[in-house]
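A.B. asks: Sequence below, structure please.
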Amino acid sequence: MVSKEVGESTGGRDQQEKLLGASARTGQSKKTSLDYTEPVQKDPLVRTIDAKSMRLQLQRRGTAQIAAHPVWQEAALRLQDRLAYIKTDQAPRLDHGIAEYGLPMNPAAASLQMIWSVGLLAYLSDLRSTLGFWAQALKPGGLLMFSTLGPDSFRSLALALGDQDQSRHLVGYPDMHDIGDALVGFRMSNPVMDAEWITLTYSTPESALIDLRRLGGNALAGRPKGLSGRDWQRKVLDALELLRVNGRIALQVELVFGHAWAGTPKSSRTTEKDSVSTIKWSGKIPKTL
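C.D. replies: Residues are numbered from 1 along each chain as shown. Next up is the predicted model:
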């Protein structure tokens, strides 16, 4: 996890010592303390996910089966649409998606022309580390293309369950702008981020719950411990029923797409955060699955 180190400044420590020394000389018993600490800002790309629990849940469901879910198949098709507009060599290429979760990946630094990832970031606790790994593995001018989920995904269900901050029942997902900023930090060139929304619909809350479990379970570190009983399952089914629209239970999913090139832009030796492009993609209309 990347975080800002916080502590007392030297000047502040000297001033505190002077104040305390003066108090001791005058015989005062009142203690003086100065607080120079600042709140540590949470890294938006490090999530409160229990990595061990996530690994076990994905193994139990099967990463290949999860990758075959309609959400990820649709994401792959839409990412392929974007690649069609980009002229680049694809070899040597690394596919690093959900099906490769947990597998050893040891490409040499600056050895790959392309990295292709569908869905993997949605299941990681530390996205920043993986983005850095990808950036290091690409040759200068190599292309990174990926898709993941955005913060709107399943948000309505989280609210229906009273999990506003998504710390107990449903995993939250980072904003695409934070991912774009991280790519800039890894000296990726001309990063482009965009999002599209699809809607999953179901005839019954039971079928919706089964399908959600197919996408992965709850691996949040703050999740309730122990097995969920019938009362909890009834609560989830009731919450899903609240999301019925025009006779169908509807769950919105935000698909996030990104691509960037390894190395700095030819026109400049540095890349500022403002250079992260956000586009409104018009390749496909909103879709109901």
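A.B. asks: Do a quick rundown of the helices in this structure.
C.D. replies: 10-25, 51-61, 63-67, 70-83, 127-137, 155-160, 176-185, 205-215, 230-241 (DSSP state H).
A.B. asks: can you put the ones you listed in a markdown table and add distance to residue 44, mean pLDDT and mean neighbour count?
C.D. replies: Quick note: C-beta positions are derived from backbone N, CA and C, even for glycine. Formatted as a markdown table, those follow (distance: least, C-beta to C-beta, whole Å; pLDDT from 0 to 100; neighbours: other C-beta atoms under 10 Å):
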| stretch | distance to residue 44 | mean pLDDT | mean neighbour count |
| --- | --- | --- | --- |
| helix 10-25 | 29 | 41 | 12 |
| helix 51-61 | 18 | 92 | 15 |
| helix 63-67 | 24 | 96 | 17 |
| helix 70-83 | 21 | 96 | 17 |
| helix 127-137 | 9 | 97 | 19 |
| helix 155-160 | 16 | 94 | 19 |
| helix 176-185 | 4 | 96 | 19 |
| helix 205-215 | 22 | 95 | 17 |
| helix 230-241 | 26 | 92 | 14 |
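A.B. asks: Would you reformat the ones you listed as CSV and include distance to residue 169?
C.D. replies: Formatted as CSV, the helices of the chain follow (distance: least, C-beta to C-beta, whole Å):
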stretch, distance to residue 169
helix 10-25, 42
helix 51-61, 14
helix 63-67, 19
helix 70-83, 19
helix 127-137, 21
helix 155-160, 7
helix 176-185, 23
helix 205-215, 11
helix 230-241, 8
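A.B. asks: Select, out of the ones you listed, the one closest to residue 222.
C.D. replies: Nearest to residue 222, of all the helices of the chain, is helix 51-61, at 11.5 Å by C-beta to C-beta.
A.B. asks: out of the helices of the chain, nearest to residue 253?
C.D. replies: Of all the helices of the chain, helix 70-83 comes closest under C-beta to C-beta, at 5.9 Å.
A.B. asks: Any idea which of the helices of the chain gets closest to residue 107?
C.D. replies: Nearest of the helices of the chain (C-beta to C-beta): helix 127-137, 4.4 Å.
A.B. asks: That closest one vs helix 176-185, what angle?
C.D. replies: 40 degrees (axes from the mean of the first three to the mean of the last three C-alpha atoms, to 10 degrees).
A.B. asks: hmm, back to that, mind checking the helices of the chain for the one nearest to residue 259?
C.D. replies: helix 70-83 (6.6 Å).
A.B. asks: what's the closest non-adjacent residue to residue 148?
C.D. replies: Excluding the flanking residues, the one nearest residue 148 by C-beta to C-beta, 6 or more residues apart in numbering is residue 121, at 3.9 Å.
A.B. asks: Please read the previous query as pertaining to residue 137.
C.D. replies: Among residues not flanking residue 137 along the chain, residue 107 sits closest, at 4.4 Å (C-beta to C-beta, 6+ apart).
A.B. asks: Surely the one you found and residue 135 touch.
C.D. replies: No - if you go by C-beta atoms under 8 Å, residue 107 and residue 135 don't touch, sitting 11.9 Å apart.
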